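*Asks:* fold the stuff below for me.
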Amino acid sequence: MRTIAIIGAGPAGIEAASVLAAMEETEVLLFEKSATTMDNLRDKAFLFPDFSSAADLVEIMEAKLNRDNIKLHLSTAITSVASTSTATEAGGIMAWELQDASGARYQVDAVLVTTGYRVFDAHRKEELGYGIYPGVITSIDLEKKLKEGKILNAVGDIPKKIVFLQCVGSRDEKSGNHYCSKVCCVTAVKQAIEVRKLLPEVETYIFYMDLRMWGGGFEEMYRESQEKYGVRYVRGRISEAASTYDGKIQIKSEDTLVGLPLKMSADLLVLMVGMEPSEGTKTLTRQCNCADAYGFATTVNPHARDNETAQPGLYVAGSCKRPMSINDSLTDARSAALRIAEYLK
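*Replies:* Residues are numbered from 1 along each chain as shown. Now for the predicted structure:
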């Protein structure tokens with residue numbers, strides 16, 4: 001019997017657990033520091049590009065855990081991962097020991113880290129007023145409103161104008177994150193369409209540096225947002241946001257296509273917050289000497305060996321490596337599971 005530990009019960013961790021549990025003579029220990037699985041997915045209302053229900057995907061993923069050889073450990077934070085033997089001592093397979101916050105130890109044959117991401121804390125961008133003005137919210141806050149089917153402005157009225165701002169906490173020297181978070185552009189397009197479906201009379205604007213429609217159906221969704229739903233796009237960054245006497249948000253920006261300054265008031269300003277490595281990702285990647293400059297996990301080779309670390313038996317998958325969409329994370333998890341299967345043979 002081979003035992004594999006997976007740290008993080010998001011979509012990637014659950015998908016990998018499902019694939020590995022289908023192998024004979026295999027036990028999977030799946031650890032999650034939260035009291036529930038898939039917290040980042042549960043925050044979502046609908047998924048791009050098909051606007052399918054996030055709740056439906058949660059249900060599908062939860063069903064994959066219904067195997068006797070998957071042992072789910074909720075509210076269990078893994079604090080230490082260490083190899084306990086050399087490859088030659090174990091006949092080609094490293095032995096690994098995990099320890100959780102309560103001091104419990106687990107002996108396993110391979111480890112997969114799927115500790116994922118956290119969203120950028122918009123409080124760090126003080127000039128945009130998040131946490132200061134009620135009319136400034138994040139994309140996560142808006143997603144929760146969309147789940148409830150009710151969007152109101154700071155004074156409890158139905159908004160007439162909503163502005164989305166891209167690249168909050170990404171591609172930004174001030175925040176220290178120079179990378180692109182990959183999913184913010186398409187998420188803003190998706191949310192703007194959802195807002196227009198819910199509130200057909202509302203005006204929607206998306207302020208952007210440049211639009212990066214990375215996947216199949218994304219460019220089509222962007223075009224549809226303009227042609228069918230009337231979403232307007234402004235190329236420019238918002239330099240400042242402030243509250244007005246009537247609870248609206250006044251923004252200062254520049255339309256860089258025409259080279260003119262721009263002022264606009266809106267009922268809601270939505271900050272499209274990017275991805276950062278989760279605290280669990282930062283802790284474990286530092287501990288295992290596989291952290292990049294931001295704390296994401298690094299691999300042996302980004303093309304041929306993108307799930308392997310420099311330590312045999314230690315693998316990574318999903319957005320603990322870099323920002324990924326959900327479907328990219330699921331695909332990467334399957335790849336990692338196959339690599340682990342080959343290693344254990």
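*Asks:* pull out the buried positions in stretch 285-296.
*Replies:* For stretch 285-296, burial by neighbour count (16 or more other Cβ atoms under 10 Å) applies to 285, 288, 290-291, 294-296. For glycine as for every other residue, the C-beta is placed from the backbone atoms N, C-alpha and C.
*Asks:* what does it contact?
*Replies:* Applying Cβ atoms under 8 Å, 6 or more residues apart in numbering, the contact partners of stretch 285-296 are 80-81, 113, 176-177, 179, 276-277, 281-282, 297-299, 309-311, 314, 316, 320-322.
*Asks:* so how do I select the buried members of those residues in ChimeraX?
*Replies:* The buried residues among these can be selected in ChimeraX (16+ other Cβ under 10 Å) with this line:
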select :81,113,177,179,276,277,281,282,297,298,299,309,311,314,316,320,321,322
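*Asks:* the contacts of stretch 285-296 in strands, which ones?
*Replies:* The strands, defined by DSSP state E, take in 80-81, 113, 276-277, 314, 316 from the contacts of stretch 285-296.
*Asks:* still on that earlier bit, just put the buried residues of stretch 285-296 in a markdown table and tack on secondary structure, distance to Ile60 and pLDDT.
*Replies:* As requested, the buried residues of stretch 285-296 are exported to a markdown table (DSSP: H, G, I helix; E, B strand; the rest coil; distance: Cβ to Cβ, whole Å; pLDDT from 0 to 100):
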| residue | secondary structure | distance to Ile60 | pLDDT |
| --- | --- | --- | --- |
| Thr285 | helix | 29 | 96 |
| Cys288 | coil | 31 | 93 |
| Cys290 | coil | 31 | 96 |
| Ala291 | strand | 32 | 97 |
| Tyr294 | coil | 31 | 97 |
| Gly295 | coil | 30 | 97 |
| Phe296 | coil | 27 | 98 |
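*Asks:* related to what we said a few turns ago, distance to Leu30 and pLDDT added to the ones in strands among the contacts of stretch 285-296, as CSV?
*Replies:* Below are the ones in strands among the contacts of stretch 285-296 laid out as CSV (distance: Cβ to Cβ, whole Å; pLDDT from 0 to 100):
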residue, distance to Leu30, pLDDT
Ser80, 17, 95
Val81, 15, 96
Val113, 12, 98
Glu276, 23, 98
Pro277, 20, 97
Leu314, 16, 97
Val316, 15, 98
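*Asks:* between those, which is nearest Arg105?
*Replies:* Nearest to Arg105 among these: Ser80, at 8.8 Å, using Cβ to Cβ.
*Asks:* list the beta-bridge partners for that closest one.
*Replies:* Gln99 (DSSP bridges).
*Asks:* my read is that it contacts Gln99, right?
*Replies:* Yes - assessed by Cβ atoms under 8 Å, Ser80 is found in contact with Gln99 at 4.1 Å.
*Asks:* tell me, what residue is most central in this structure?
*Replies:* Tyr117 (5.2 Å; Cα atoms, centre = their mean).
*Asks:* ok, so what distance separates Thr298 from Asn289?
*Replies:* Distance of Thr298 to Asn289, given as Cβ to Cβ, to the nearest Å: 9 Å.
*Asks:* if I read this right, Leu314 contacts Val108, doesn't it?
*Replies:* No - applying Cβ under 8 Å as the test, Leu314 and Val108 come out as separate, 10.6 Å apart.
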